[in-house]
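Undergrad: Everything below, folded, please.
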Amino acid sequence: MRVGVEVGGTFTDLVAIEDGRVRVAKVPSVPARPDEGAMASLAAAEIALSTVNDLVHGSTVATNAILERKGAPVALLTTRGFRDVLFLQRHNRTQIYDLFYRKPEPVLARRDILEIDERISGQGEVIEALDVAATTAQLEEFLGSGRYQSVAICLLNGYAEPRHERQLAALVAEKFPDLTVTCSADVTREFREYERTSTTTLAAYVQPVIDSYLRRFESQLGQQGFEGRFSIMQSNGGRLPVAGMSRNAITSLFSGPAAGVMGAVRQAGLSGHGNLITLDMGGTSTDVCLVADGKPNLSGETEVDGLPIRTPVLDIVTVGAGGGSICWQDDGGMLRVGPESAGADPGPACYGRGGNRPAITDAHMVRGTIRAETFLGGKMDVDASAAESVFKVLSDKLDMSIEEVADSAVRVADANIVGAIQLVSTERGRDPRDYVLVPFGGAGPLHAARVAEELGISTILVPPNAGVLSAYGLLASDFLQYETLTRRILLGEGAADQVRAVFAEMQAHATASFRDLGIPGDLEISYSLDMRFVGQAFEITVEIDGDVLADLTPDGLLNLFNEAHNRVFAFGESGLHRAEIVSFRLGASAPPDVVPALNEGIGDKVLHSEAQIFDLGEWRQCQLVSRAAIAGEAAGVPGPALVEDGTSTIFVPQGWTASVDSQDNILLHAKS
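TA: Next up, the predicted model:
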């Protein structure tokens with residue numbers, strides 16, 4: 001049996017697959033104790049852990065630790081003269097017209113930073129050696145207070161030569177064995193001291209939290225007989241055995257959204273679709289990502305609470321438009337949705353847990369697009385009258401009917417999602433009309449068609465069990481690890497040989513790391529370079545095909561760079577000595593033993609009746625059907641219709657037709 005458990009902000013989802021049979025569960029999350037929600041999902045699915053040989057987990061523990069400032073007390077060791085890097089930051093303003101703008105606050109204070117006498121050049125040469133005796137005395141005085149649980153070590157140019165970082169780590173481990181130590185060389189070997197210092201500090205800040213959480217979770221699993229492989233999802237779209245998280249927990253920041261994208265890629269790929277826009281609308285937020293030729297876009301940097309983190313992450317844009325997003329009136333009298341969410345506790349008003357503010361889920365209850373008797377397959381009681389009560393307050397303020405306010409709130413949420421998709425598509429030179437929209441999460445299929453209409457998308461693919469697709473994505477993901485290294489090389493004679501040598505060194509390190517983690521099998525390797533014109537401030541990523549790496553020439557590298565630069569900026573031709581390589585990136589992946597399929601069959605429950613919904617300002621009669629009912633219609637089911645699917649509801653507006661393909665995906669097609 002293989003089990004994926006994904007802890008979201010509102011619900012914890014589970015998918016278990018055994019001998020082709022699929023079992024799903026969806027239970028409320030426990031924000032203060034995420035492991036309790038995970039164990040509750042296992043209990044709800046009646047999983048005997050002794051029969052599980054592969055368990056993959058994703059959670060928001062690392063992200064929440066940063067957002068809520070509940071990480072471990074952390075100290076930073078840095079090169080003398082660079083104590084204030086985290087506070088100086090960059091000379092930019094994310095809100096240029098805010099007169100009261102303040103830079104993001106680091107997770108430590110200036111008193112928590114110790115300057116070390118040492119210096120290594122950008123070429124990796126020792127300029128000032130580390131004085132072990134003097135440094136040991138410094139460390140004993142600074143760390144001896146017992147104030148810290150974790151130590152971040154980020155020395156200037158440590159990316160080029162980590163010798164002094166390793167020495168410091170050994171000294172700390174010898175004198176203070178109870179402290180967690182994180183070196184920048186183990187987190188990101190890239191230049192730009194602010195981003196590298198921020199990443200290392202945040203990694204050290206969350207590491208004890210993640211370690212404690214995983215130990216607690218592993219203990220609970222072990223008490224119930226689990227002896228299988230335990231893996232954790234990463235932000236880059238791959239997973240690692242839990243031992244890998246002890247080296248760099250910062251990679252697990254966005255594991256839930258990444259898992260959803262990988263689940264969508266896998267399931268849509270079975271039906272032959274590789275160009276996708278994924279739309280993951282859960283209880284707290286909506287995440288969108290563009291996938292080209294079956295590969296999600298990857299970014300080298302992200303941020304949490306304004307703090308930069310240099311680690312490979314799927315290029316996902318998030319907006320506050322989830323099922324729990326609060327609907328409210330701003331100071332100008334306009335109706336707004338999010339970013340604040342009711343979350344899991346208390347949740348939307350209709351959950352009956354004390355929520356007293358209108359949320360998007362409540363809006364759907366009022367409109368009739370969510371039905372109380374079929375919510376989560378009828379396994380969760382919801383109160384439609386409570387939803388009406390909280391919208392009554394808002395409708396009085398706006399002088400509109402309850403139904404009109406609820407309908408308007410849903411349309412505002414749709415507009416927020418459209419804006420997010422435009423960020424990953426049109427604003428990056430991609431036409432959304434060339435892609436298939438893949439909605440999932442509990443609320444994604446309800447909003448997909450109206451969003452598609454705004455963007456001109458004519459095909460929507462809704463996977464089976466769409467409400468728990470992120471949990472399935474955990475099982476469908478490869479084991480994956482990225483290596484990064486800054487090493488500047490001018491394009492010229494010998495450049496291609498240097499590229500091959502650096503990649504060979506990185507590949508050997510990645511192979512050894514996978515072997516240490518007990519991951520068997522051959523690795524699939526991907527190569528890319530960060531390149532720029534000499535004098536440019538920032539780089540672009542240039543993919544290198546492994547098949548041509550052996551025969552690559554300086555001119556070939558130059559052509560690849562010129563093509564990539566033209567694709568991004570629509571200009572740029574250079575001679576050999578006007579372009580340079582800045583950083584190397586290598587990805588190593590290994591597929592799981594078996595990639596299970598999500599399509600277990602649509603079952604034989606045929607539901608075919610009628611219902612009333614309020615849509616676009618008026619009540620409409622619509623069909624109420626199940627997947628099995630759609631499969632029985634050769635020509636498909638025309639809208640307006642609501643398709644009940646256990647973990648989600650699919651809204652098929654007028655002008656759209658729903659059908660089921662051979663992989664049990666529901667396809668929505670707009671009439672031309």
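Undergrad: how far does the worst-scoring helix or strand of the chain on mean pLDDT sit from the chain's center?
TA: Lowest by mean pLDDT, DSSP states H and E among the helices and strands of the chain is helix 627-631, with a mean of 82. Remark: helix 627-631 is offset 32 Å from the chain centroid, using CA atoms, centre = their mean, to the nearest Å.
Undergrad: in that helix, what counts as buried?
TA: Buried residues in helix 627-631, counted by 16 or more other CB atoms under 10 Å: 627, 628, 629, 630, 631. Yep, even glycine has a C-beta here, placed from its N, CA and C like the rest.
Undergrad: just the strands in the stretch 551-672 of the chain please.
TA: 579-590, 608-615, 618-626, 637-638, 641-644, 649-652, 656-660, 666-670 (DSSP state E, counting those that start in this stretch).
Undergrad: Would you mind putting these into CSV with mean neighbour count, distance to residue 552 and mean pLDDT alongside?
TA: Converted to CSV, the strands of the stretch 551-672 of the chain look like this (neighbours: other CB atoms under 10 Å; distance: least, CB to CB, whole Å; pLDDT from 0 to 100):
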stretch, mean neighbour count, distance to residue 552, mean pLDDT
strand 579-590, 22, 12, 94
strand 608-615, 16, 56, 89
strand 618-626, 17, 55, 92
strand 637-638, 18, 53, 92
strand 641-644, 24, 51, 92
strand 649-652, 25, 48, 94
strand 656-660, 21, 47, 94
strand 666-670, 21, 42, 95
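Undergrad: now the farthest one out in this structure, which residue is it?
TA: Taking CA atoms, centre = their mean, the residue of the chain most remote from its mean C-alpha position is residue 133, at 44.1 Å.
Undergrad: Could you check which helix or strand contains that one?
TA: Element membership of residue 133 [criterion: DSSP states H and E] is helix 132-143.
Undergrad: same deal with residue 439?
TA: In this assignment (DSSP H and E), residue 439 forms part of strand 436-440.
Undergrad: Kindly calculate the angle that that strand makes with strand 666-670.
TA: With axes from the mean of the first three to the mean of the last three CA atoms, to 10 degrees defining the directions, strand 436-440 sits at 130 degrees from strand 666-670.
Undergrad: any idea how far the next helix or strand after strand 436-440 is from the chain center?
TA: Past strand 436-440, further along toward the C-terminus, the next helix or strand under DSSP H and E is helix 444-455. Averaging C-alpha positions (CA atoms, centre = their mean) puts helix 444-455 21 Å from its chain's average.
Undergrad: Helix 444-455 to strand 436-440, inter-axis angle?
TA: Interaxial angle, helix 444-455 versus strand 436-440 (the same axes, to 10 degrees): 150 degrees.
Undergrad: Flag every buried residue along stretch 448-456.
TA: Within stretch 448-456, judged by 16+ other CB under 10 Å, the buried ones are 448, 449, 450, 451, 452, 453, 454, 455.
Undergrad: Is the nearest residue to the first one once chain neighbours are set aside bridged to anything, and to what?
TA: The one in question is residue 448. Using CB to CB, 6 or more residues apart in numbering and skipping the chain neighbours, the partner closest in space to residue 448 is residue 439 (3.7 Å). Judged by DSSP bridges, the bridge partners of residue 439 are residue 279.
Undergrad: Would you confirm that residue 439 contacts residue 447?
TA: Yes. Using CB atoms under 8 Å, residue 439 is in contact with residue 447, at 7.0 Å.
Undergrad: neighbour-wise, which of those two wins?
TA: More neighbours surround residue 439 than the other of residue 439 and residue 447, with 32 against 27 (other CB atoms under 10 Å).
Undergrad: For the more buried one, give its distance to residue 11.
TA: To residue 11, residue 439 is 16 Å away according to CB to CB, to the nearest Å.
Undergrad: Surely residue 51 touches residue 16?
TA: No. Using CB under 8 Å as the test, residue 51 is too far from residue 16 to be in contact (9.7 Å).
Undergrad: Next, show the common contact partners of the two.
TA: residue 1 (CB atoms under 8 Å, 6 or more residues apart in numbering).
Undergrad: Between those two, which has more neighbouring residues?
TA: Between residue 51 and residue 16, counted using other CB under 10 Å, the more crowded position is residue 16 (25 against 13).
Undergrad: List the buried residues of the helix or strand containing that one.
TA: Assessed by DSSP H and E, residue 16 sits inside strand 11-18. The neighbour-count check on strand 11-18 (16+ other CB under 10 Å) flags 11, 12, 13, 14, 15, 16, 17 as buried.
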